[in-house]
Every structure is written in structure tokens, then in C-alpha cells.
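Colleague: Generate coordinates for the sequence data below:
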Amino acid sequence: MVRENLQCVRMGEHAVFVVNRALRYANTTPVLAIAAILLFCSPASPQNTSNDSTTSAGDFLRRAIDGELKAQADDHTHWMYRERTGASGDQVKSVVETREGDVDRLCLVNGQAITPEQAKQEDQRIARLLRKRGEQKKRKRAQEEDARQTEHLFKMLPDAVIASYGENKGDVVEIIFKPNPDFRPSSHEDAVFHAMAGRIWINRKEDRLVEIEGHLIQNVTFAGGLLGHLDKGGEFHVRQSEVALGHWEVTLLQVHMRGKALFFKTIAVQQDEIRTDFRQVPDSLTLAQAAEELQKQSTEKSIADKMQRVPTGSLANSQTTDSKRVDRN
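Modeller: Numbers count the residues shown, from 1 in each chain. Got it, this is the predicted structure:
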């Protein structure tokens, strides 16, 4: 499913770690040490980095990450987008970001519009979210904690890996990474990332992390397995795209890990997400206003679908009947 939709993902929000604002409400998993890193991307000012003989791959990677961190800190825009997931069936949701957190509404299930009963259930779910301020705060705290972990992982990354140059494709530079044997992880999250090898792509012109993919090259256990484990061979893939001039967002997230861990709050061990149709929304938008916008979109879509289902012949007959009425009058 994800492969068929890769063309929907504009190359370019993403880059390498995607946990903060990207997978917002799945269940826990550490792996995502990695995915976390990928989510941190926003506009960064160019630093004219290049992989010439005077710049090592490690230094090049470090500069790019510094740019990503600055970009994330400087960019506070909010977006509305469509999110397609395939973890438990093919579902499409509309998502709206706000300062108070995010709200989403189910649109399609296995390619079909949701039923009236499902629409009612979505209305009730969103209404409960708006009433329960404690639940809103809980979600927001989880996202903020993921963001802190992501920032830590970003800063740790250049020290945790040995980097070398891969292929160049225009402005995009490939960095190949593997664990640094001299690095000593200080946390479970660090240990997960340190057990990975893979590739990172950096847009040197925009100074952005474009894409990252990696896989566990060894098993990882926590407290001898009491706090969880991740098995060798697990993979992740995150991509960022420039969804508007100077604004990058996570547009692809794939996590396929075997095991269980209890760290990141917003990413699951098995997760496939594609995000498209980004549209900026006012930064002052409240959670209630975001819910109203989703309800409005759902109603308009429902009306449009009903109009499309009316047979052409029926419309023609209706117009003919109306004409006869006019003639008789």
C-alpha cells in the first residue's frame, strides 16, 4: 500500500526523524528512537555545506542536524493534512494541528467513505475529546516528551554512528551510517539507535534532512528483557517533504519492528503512514475550531458523494419534468 502511494509524498518535513509531530497517536515503542529523530524538521537557513574533501561525512551530518534543530525551534506553523495508515486496515483521516494538540477524523476505510454509524461514532469521540481537558493535556504532554527525546537523539546521532559518503544525486547527498563501537549509550533510546545501520539523505542546498532508513543489526533488550526487547532485522523509513516554501513536514513513516518497548508515546512497532494534501491553518486555531472544520469538511464530502451517486438519467428526467412544469405554467 505504502509503495503504491510513494508518488504522493513530495520529496524533500522530511528527513530523518519523525516522532514528534508525526505519528501522533499510536501506542508506545522505543524503536522509535529512530523515528523520533526524523520528525524534527522545519525551515533551516542554508549553511552551504558540501561533501568536498575538506568536510568529513561526520561533520557534514553534524551541521545538517544542527540546522534541523534550529529549524524546528524556529517553525511554529500548524497544518491540516490527510493521513493514510495501514497498520490495521487501510484508513484515511483528516488531521488538524493546533497549539492545544491535534484532532483527527476518519474519512475512508478500505477506499470507501465511512458509514453513517461510523460518522456518528467519530462525532461522539471528538466531542468526548473536547470535553475532557485532562485527555487533551495528556496527549500534549506525550507529544512534548517525544519532542524532547527526539532532540536528544538528534544531538547524540553524530557521536553514535560512523558516517561515510554515499552517492550524490543533484543537491541530495547520501550518508551511510553504522554503529560507532566507541560510543556508550546512556539510555534505552540511545541503545536502540546505536544498534542500527542505514542511510540518510541530506539536501545540501536547503540544508535539510530529507530521508532516513535503517535496520537493527542486532537484538536489543532492556533490563535483560524485563522492560522490553526489539529483534534484529527490524526496519524504519522516514521521509520529509517541503509542503510549502520553506516548510518541511514528515510525509512518510514506516516502522516494522518485532518486539515490545515502552518509550515513545506516539509511535507503534508496526506503523505505515503517508501524509498528503497539506494546508496551513491559523496558528490561533483552537481545538474546538479544528473539530468544527473537520465536521464541515465531512458534511461537504458527504453531500458531494450523494450527488455523484445520482444516476445521470435521473438528473435528466428531473430536468425534463421541471421543463414540462415550466411549459404548462
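
Colleague: so L153 makes contact with E189?
Modeller: Yes: contact status for L153 versus E189: in contact at 6.3 Å, counting by CB atoms under 8 Å. Quick note: C-beta positions are derived from backbone N, CA and C, even for glycine.

Colleague: of those two, who's got more company?
Modeller: L153 (27 against 24; other CB atoms under 10 Å).

Colleague: Helix or strand next in line after the helix or strand encompassing that one, which one?
Modeller: Secondary structure assignment for L153, by DSSP states H and E: helix 133-160. Next along the chain after helix 133-160, taking DSSP H and E as the criterion, comes strand 161-169.

Colleague: and the helix holding L153, what does it pack onto?
Modeller: Judged by 3 or more CB pairs under 8 Å, 6 or more residues apart in numbering; DSSP states H and E, the packing partners of helix 133-160 are helix 32-37, helix 57-74, strand 101-109, helix 116-131, helix 188-194.

Colleague: between that helix and helix 57-74, how many degrees?
Modeller: Helix 133-160 and helix 57-74 are oriented at 160 degrees to each other (axes from the mean of the first three to the mean of the last three CA atoms, to 10 degrees).

Colleague: as a whole number, average confidence for helix 133-160?
Modeller: The average pLDDT for helix 133-160 rounds to 82.

Colleague: now swap in stretch 192-200 and tell me
Modeller: Averaging pLDDT along stretch 192-200 gives 90.

Colleague: how far does it sit from the chain's center?
Modeller: Centroid displacement of stretch 192-200 relative to its chain, using CA atoms, centre = their mean, to the nearest Å, is 19 Å.

Colleague: So for it, what gets flagged as buried?
Modeller: Buried positions in stretch 192-200, judged by neighbour count with 16 or more other CB atoms under 10 Å: 192-196, 198, 200.

Colleague: cool, stretch 93-101 as well?
Modeller: Buried residues in stretch 93-101, counted by 16+ other CB under 10 Å: 93-98, 100-101.

Colleague: show me where pLDDT drops low in the stretch 51-200 of the chain?
Modeller: For the stretch 51-200 of the chain, the stretches with pLDDT under 70 are 51-53, 87-89.

Colleague: ok, back up a step: and of the helices and strands packed on helix 133-160, who's closest to D146?
Modeller: Nearest to D146 among the helices and strands packed on helix 133-160 is helix 32-37 (6.2 Å), distances taken as CB to CB.

Colleague: helices and strands around the longest strand along the chain, which ones?
Modeller: Assignment by DSSP state E gives strand 270-281 as the longest strand of the chain. Using 3+ CB pairs under 8 Å, 6+ apart as the contact test, the elements touching strand 270-281 are strand 78-85, strand 91-98, strand 235-244, strand 247-256.

Colleague: partners of that strand, with directions?
Modeller: Counting by DSSP bridges, the strands paired with strand 270-281 are strand 78-85 (antiparallel), strand 247-256 (antiparallel).

Colleague: Please identify the most buried of those strands.
Modeller: strand 247-256 (a mean of 25; mean count of other CB atoms under 10 Å).

Colleague: Only alpha carbons, please: show that strand as CSV.
Modeller: What follows is strand 247-256, C-alpha atoms only, in CSV (Å, rounded to 0.1, in the frame of the first residue of the first chain):
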residue,chain,number,x,y,z
HIS,A,247,8.3,24.5,5.4
TRP,A,248,9.1,20.8,5.7
GLU,A,249,6.9,18.1,7.2
VAL,A,250,7.0,14.4,7.7
THR,A,251,5.2,12.8,4.7
LEU,A,252,6.2,9.1,5.0
LEU,A,253,6.7,7.0,8.1
GLN,A,254,7.2,3.2,8.1
VAL,A,255,8.1,1.3,11.2
HIS,A,256,8.3,-2.5,11.0
